[in-house]
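> Predicted model and sequence below, questions to follow.
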2 protein chains.
Amino acid sequence: MPQKIVIIGNGPAGLTAASTARLTDRTAEITVVDSKKYDTYHPCALPFVIGGYLPSIETIIEDLNFERMNITLLLNTVADAIDRKKKVVTVVNNDDGSKSTLPYDKLILCTGSNVFVPPIPGRDLKNVFRLKFAEDAQAIKEVVSAESIKNVIVVGGSAIGIEVATEVRHLGKEVTIVEMFPQLMPLKISKDIALLAQKRLEETGIIVRTGMMVKEILGTEKVEHITIGTEDKLETLAADVVVLATGVRPNAQLAQKSGLKLVENFKAIEVNEKMQTSDEAIYAAGDCVSVTNLVTKERSLVLLAGPAVRQGRIAGINAAGGDTRYPGSVNSFIVSSRNFYVGVAGINTEQAKKQGIETTQAKITAPIRPHYMPTTKPITIKLIARSSDGKLLGGEVFGEEKVDENVNYIAFALQTGLTVYDLLTLDFCYAPAVSETIYPIVIAADAIVRKIERKKARAAKSA
Amino acid sequence: MPQKIVIIGNGPAGLTAASTARLTDRTAEITVVDSKKYDTYHPCALPFVIGGYLPSIETIIEDLNFERMNITLLLNTVADAIDRKKKVVTVVNNDDGSKSTLPYDKLILCTGSNVFVPPIPGRDLKNVFRLKFAEDAQAIKEVVSAESIKNVIVVGGSAIGIEVATEVRHLGKEVTIVEMFPQLMPLKISKDIALLAQKRLEETGIIVRTGMMVKEILGTEKVEHITIGTEDKLETLAADVVVLATGVRPNAQLAQKSGLKLVENFKAIEVNEKMQTSDEAIYAAGDCVSVTNLVTKERSLVLLAGPAVRQGRIAGINAAGGDTRYPGSVNSFIVSSRNFYVGVAGINTEQAKKQGIETTQAKITAPIRPHYMPTTKPITIKLIARSSDGKLLGGEVFGEEKVDENVNYIAFALQTGLTVYDLLTLDFCYAPAVSETIYPIVIAADAIVRKIERKKARAAKSA
């Protein structure tokens, strides 16, 4: 009898799990359950719809053609409960509330994340938006495009906040980003690099207010003002639209309700290297799980689409009877704006300090192509390494081009355990149209090597 | 007493050796000897001068300001002989033929490469050029820019040939590339990928004639025709200018004359991991040496500026008293044209066959960004791996963008010994503006994994 595989959630992790499960077991009965009304969409592209860079949400909604792969897709359907003894999932149809049950041999939870919105008074006023689904982007686009809308406040200065602010500013609106932490992209990017991004945003006319709590959203019927401030001092800004980009959190409710083990710090599902939960018949992948950080070797939260896809692949293969492992993530992260990119992989100095590691770091700005090439541009790279042996721990990148590429080089070095010494002899290809003979990442590595060697020489002298 | 370091040659390897020697030993007396009249130039940028993409050779000639580092630079000077017993180099001034001697404690040979020109009758006619130095580019530019010049023949279809042809075509000339081998970039790129490049060149109006020997260059005073053909059939083409881009060979004459050990296959200087020749007081780096190919573990010829710089660094540090090693090269190579790039790292199927390795390969074409992004473009990646365990052996890349980046990913995997299985779980950063969640290189790796797994399954069944 063919095995039954049920997948809850059809985001990046879920749809990948479904297709790899199918490739692994040609005869399995595979069912995917999702609460949305359409097959799937590309969440990271939502800001582009708002600003009109992409013409409509139809562009980023995708028909997966699961019939072709003989996968059953139950849309507009919510998984309500798991009976782990009987191996049955209860699902509810959103339209009529009707319940039905899906028996499974293997279950894969890809329940993703929920938008986290702090309990700000006034958050349910009209023209206050959160951004998660394609419909949200469509609604924001429709409202914000109106000529009557002048002032748009984006609450939250991380990836989505920056990208939404960029796109709305492109529509000619007055845009303010309000960030609670003293810098943009807090906990991700170090302050000096975040300031480079802030300066670029400000150059486009976006106002950035860091270290500012949102106290209240004000308005009759629809939003009119927003009160922000510090402990000492409040101020009120005009606001025709507020977009709450205050982050996402793992959606592990179904897992929790079903008694699966969570990683308490993160309220995310605990999985092993096979992406298997504490119930060996149940796998999980994507934003709802906690995976190993490959640098710290500790459990971490990732909440990124790329790792979700890679985890979904592992979960799908293993659930269908294959055997493959997910080693963990280095949290490669990139934010795109229209005039810069900023990215990071691994850990920063503060995180290393928490680990008790003595670090050496270097920040350099160097041209991505030879100085004589008209297409050259500067890129800023900060690397941090363990002082004892130069092992790379993390890096951040800021620039107009090749930021993704350099984040990937850093990630690659982290994942293969390279030292800054190793980076100095690595082959990178060279042609003046694309690069310098000595890449910026190598210049940064060399700066660290010299610092470490000087420290060693001083220590040897004083010994 | 400060040690004396003498460096012969001020190309990418030599100038890097000089500056790293200085950083390693602040007091050494460092002298660099070079036959050119200017400090240094950027050889890989010569085609851009010919086509006017760069305004003049002055753009790519550089004053190194060696005085600042207290390095003596003897220009217009040729190293004539080495007395290894006395540790003295005899140098000759090009202007007056005067000889002098330079005593050394450590000597670094960075004598680079010579243009190789086959003994074609007529090769010394006017308007027949070779391309090595900045003056060559200037001379070609001056002649080729004249309105009277209609037909330009480029002999040799590898990197320099393709780049020169592209730039001259951009000036509106009729351009023909004549290549002796049955494909462009022979011995570097596999035929199917080379054909993609050829098609793009042809789309710009360049005529590509592969499998064609040059029999004779004809003309009174200056070149007028060129006879090309196969064993069976000759034909004569009109030619106002001929550029001989027939390759370079290591310049190891001084080393050979001095009794240093050469790698016979390549007539290149043999060095160990410290970039030390058979005489422990003499180091060598750059185009004149043979280094280990990190994939085959055999001695190889590299002839590329990037590795030359990295080797120069190692030679400079070690000669000055430091201790660092050069592991070898994976021959990362990229050719740029105005409408495509093509690159490679590692070895191809034929080279693997020679090594007796059974290989599995996959070639895919995939979008570099999500299909809904207007900036997306296709890229073609071919990977080859060892069938027994999936260890990556090499890869080739063709496209309009991100070719350098993907060559570097391949090189990185080769240098860290990754398998195609490893590539499937690696973190790459993702944002729709820069990438897809699943990178093209991962799609290619996955295709190989599936092939290998199918082979295994078949083998298991038949066993």
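Received it, and whenever you're ready, just let me know what you need. Residues are numbered from 1 along each chain as shown, chains lettered A, B, ... in the order given.

> Which parts of the stretch 151-300 of chain A are helices?
A:159-170, A:191-203, A:253-257 (DSSP state H, counting those that start in this stretch).

> Quickly compare the ones you listed and say which is most buried.
The highest average neighbour count among the helices of the stretch 151-300 of chain A, using mean count of other CB atoms under 10 Å in any protein chain shown, belongs to helix A:159-170 at a mean of 25. In this view, the C-beta of every residue, glycine as well, is placed from N, C-alpha and C.

> now that one, how far from the chain's geometric center?
Centroid displacement of helix A:159-170 relative to its chain, using CA atoms, centre = their mean, to the nearest Å, is 15 Å.

> Between helix A:191-203 and it, find me the angle.
Counting by axes from the mean of the first three to the mean of the last three CA atoms, to 10 degrees, helix A:159-170 lies at 20 degrees to helix A:191-203.

> re earlier: indicate which one of the helices of the stretch 151-300 of chain A is closest to A:G417.
Comparing the helices of the stretch 151-300 of chain A against A:G417 with CB to CB, the closest turns out to be helix A:191-203 (24.2 Å).

> Packing partners of the closest one?
Contact here means 3 or more CB pairs under 8 Å, 6 or more residues apart in numbering or on different chains; DSSP states H and E; on that basis helix A:191-203 packs against helix A:159-170, strand A:207-210, strand A:341-346, strand A:378-386, strand A:392-399.

> what is the mean pLDDT for it?
In this model, helix A:191-203 has a mean pLDDT of 98.

> any idea of the angle it forms with strand A:392-399?
20 degrees.

> Can I get helix A:191-203 as CSV, trimmed to CA atoms?
Output of helix A:191-203 as CSV, limited to C-alpha atoms (Å, rounded to 0.1, in the frame of the first residue of the first chain):
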residue,chain,number,x,y,z
LYS,A,191,25.8,49.6,14.0
ASP,A,192,28.5,51.2,11.7
ILE,A,193,27.3,49.2,8.7
ALA,A,194,23.6,49.9,9.5
LEU,A,195,24.5,53.6,9.5
LEU,A,196,25.8,53.3,5.9
ALA,A,197,22.4,51.9,4.9
GLN,A,198,20.6,54.6,6.9
LYS,A,199,22.6,57.3,5.1
ARG,A,200,21.6,55.9,1.7
LEU,A,201,18.0,55.7,2.7
GLU,A,202,18.1,59.3,3.9
GLU,A,203,19.7,60.4,0.6
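
> show me what contacts A:R22?
A:R22 makes contact with A:28, A:30, A:69-71, A:316, A:320 under the criterion CB atoms under 8 Å, 6 or more residues apart in numbering or on different chains.

> Relative to the whole chain's centre, how far out is the helix or strand where it lies?
If you go by DSSP states H and E, A:R22 is part of helix A:12-24. Taking CA atoms, centre = their mean, one finds the center of helix A:12-24 at 20 Å from the center of the full chain.

> Got the confidence number for A:D240?
pLDDT, the model's per-residue confidence, is 98 for A:D240.

> right, and it touches A:I149 too?
Yes - taking CB atoms under 8 Å as the definition, A:D240 is a contact partner of A:I149 at 4.4 Å.

> Now do the domain split for chain A, please.
Residue ranges for each domain of chain A read A:4-37+A:75-113+A:249-319, A:128-246, A:340-462, as given by automatic domain parsing.

> Same list (those domains) but as JSON lines, adding distance to B:N406.
Below are these laid out as JSON lines (distance: least, CB to CB, whole Å):
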{"stretch": "domain A:4-37+A:75-113+A:249-319", "distance to B:N406": "16"}
{"stretch": "domain A:128-246", "distance to B:N406": "25"}
{"stretch": "domain A:340-462", "distance to B:N406": "9"}
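
> and the residue nearest to A:L201 when sequence neighbours are not counted, how many neighbours?
Setting aside the residues directly before and after it, A:L201 is nearest to A:V208 in space (CB to CB, 6 or more residues apart in numbering or on different chains), at 5.8 Å. A:V208 has 24 neighbouring residues, counting by other CB atoms under 10 Å in any protein chain shown.

> A:V208 and A:K37: what is the separation?
Separation of A:V208 from A:K37 (CB to CB, to the nearest Å) stands at 36 Å.

> Can you pull the residues of the stretch 351-463 of chain A lying near chain B?
A:370, A:372-373, A:402-405, A:407-409, A:411-412, A:415-416, A:418, A:421, A:424-435, A:437-438, A:450 (CB under 8 Å from any CB of the partner chain).

> now with 6 Å?
Contact residues, the stretch 351-463 of chain A versus chain B (CB under 6 Å from any CB of the partner chain): A:372, A:404-405, A:407-408, A:411-412, A:415-416, A:425-435, A:437.

> try chain A
A:44-45, A:59-60, A:305-306, A:309-310, A:326-327, A:329-330, A:332, A:334, A:336, A:343, A:372, A:404-405, A:407-408, A:411-412, A:415-416, A:425-435, A:437.

> CA-only coordinates of the helix or strand bottoming out on mean pLDDT in chain A, as PDB, when you get a sec.
Taking mean pLDDT, DSSP states H and E as the measure, chain A has helix A:349-354 as its least confident helix or strand, at a mean of 90. Extracted in PDB, the C-alpha atoms of helix A:349-354 (Å, rounded to 0.1, in the frame of the first residue of the first chain):
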ATOM      1  CA  THR A 349      31.400  40.700  17.600                       C
ATOM      2  CA  GLU A 350      28.700  40.900  20.300                       C
ATOM      3  CA  GLN A 351      27.500  37.400  19.600                       C
ATOM      4  CA  ALA A 352      31.000  36.200  19.700                       C
ATOM      5  CA  LYS A 353      31.600  37.900  23.000                       C
ATOM      6  CA  LYS A 354      28.500  36.000  24.400                       C
END
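
> Tell me which residues are up against it.
The set of residues external to helix A:349-354 that reach it, using CB atoms under 6 Å, 6 or more residues apart in numbering or on different chains, is A:359, A:384, A:393.

> Of those residues, just say which sits nearest to chain B.
Here the nearest of these to chain B, counting by CB to the nearest CB, is A:L393; it sits at 14.8 Å.

> Test my guess that the closest one contacts A:I384.
Yes - using CB atoms under 6 Å, A:L393 is in contact with A:I384, at 5.1 Å.

> if I look at A:M275, how far off is A:G312?
Summarising the geometry, the distance separating A:M275 from A:G312, computed by CB to CB, is 8 Å.

> what residues are shared contacts of the two?
When CB under 6 Å, 6+ apart defines a contact, the residues bordering A:M275 and A:G312 alike are A:A285.

> how about the nearest residue to A:V434, chain neighbours excluded?
Leaving aside its sequence neighbours, A:V434 sits nearest to B:D404 (CB to CB, 6+ apart; 4.0 Å).

> Cheers, nothing more for now.
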